[in-house]
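Q: build me a structure from this.
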Amino acid sequence: MSEPADPKHDASVDTLLADVPSLAPRPDLVEVARGAFRFAQFLLDDEENLTRTGNLSGAAKERLRARTLELLGVDEGESA
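A: Next up, the predicted model:
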């Protein structure tokens with residue numbers, strides 16, 4: 001599952017991540033964070049994934065959780 005890259009969004013995420021000193025020695029986690037932010041934006045861009053108040057629906061939250069675990073290389077069974 002690959003989300004389309006948005007250079008402006010990615011630059012904003014990179015700016016946010018640069019302010020987290022503990023991520024500096026962990027480029028692998030920076031990539032996971034980028035992927036999670038990108039997928040969250042992908043979900044937020046589709047109104048089908050939103051509640052009336054503009055929050056992610058339960059199903060969309062579950063998709064974000066599953067994608068984040070996938071990016072981390074964690075088996076769903078291990079996360080329970």
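
Q: which residues touch stretch 51-60?
A: For stretch 51-60, the external contacting residues (C-beta atoms under 8 Å, 6 or more residues apart in numbering) are 40, 43-44, 49-50, 64. C-betas here are computed from N, CA, C, even on glycine.

Q: so can I have TSV of the residues you listed showing secondary structure and pLDDT?
A: As requested, these are exported to TSV (DSSP: H, G, I helix; E, B strand; the rest coil; pLDDT from 0 to 100):
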residue	secondary structure	pLDDT
40	helix	96
43	helix	97
44	helix	96
49	helix	97
50	strand	98
64	helix	98
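
Q: now, which of those residues sits nearest residue 75?
A: Nearest to residue 75 among those is residue 64, at 17.2 Å by C-beta to C-beta.

Q: for the residue lying closest to residue 68 once chain neighbours are set aside, pull up the helix or strand it's in.
A: Nearest residue to residue 68 in three dimensions, chain neighbours excluded: residue 36, at 4.8 Å (C-beta to C-beta, 6 or more residues apart in numbering). Using DSSP states H and E, residue 36 sits within helix 27-44.

Q: distance between that helix and the chain's centre?
A: Chain-centre distance of helix 27-44: 3 Å, with C-alpha atoms, centre = their mean, to the nearest Å.

Q: residues of that helix that come out buried?
A: Across helix 27-44, burial judged by 16 or more other C-beta atoms under 10 Å covers 30, 32-43.

Q: could you dump those to JSON lines with distance to residue 23?
A: As requested, the buried residues of helix 27-44 are exported to JSON lines (distance: C-beta to C-beta, whole Å):
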{"residue": "30", "distance to residue 23": "5"}
{"residue": "32", "distance to residue 23": "10"}
{"residue": "33", "distance to residue 23": "7"}
{"residue": "34", "distance to residue 23": "11"}
{"residue": "35", "distance to residue 23": "14"}
{"residue": "36", "distance to residue 23": "13"}
{"residue": "37", "distance to residue 23": "13"}
{"residue": "38", "distance to residue 23": "16"}
{"residue": "39", "distance to residue 23": "18"}
{"residue": "40", "distance to residue 23": "17"}
{"residue": "41", "distance to residue 23": "19"}
{"residue": "42", "distance to residue 23": "22"}
{"residue": "43", "distance to residue 23": "23"}
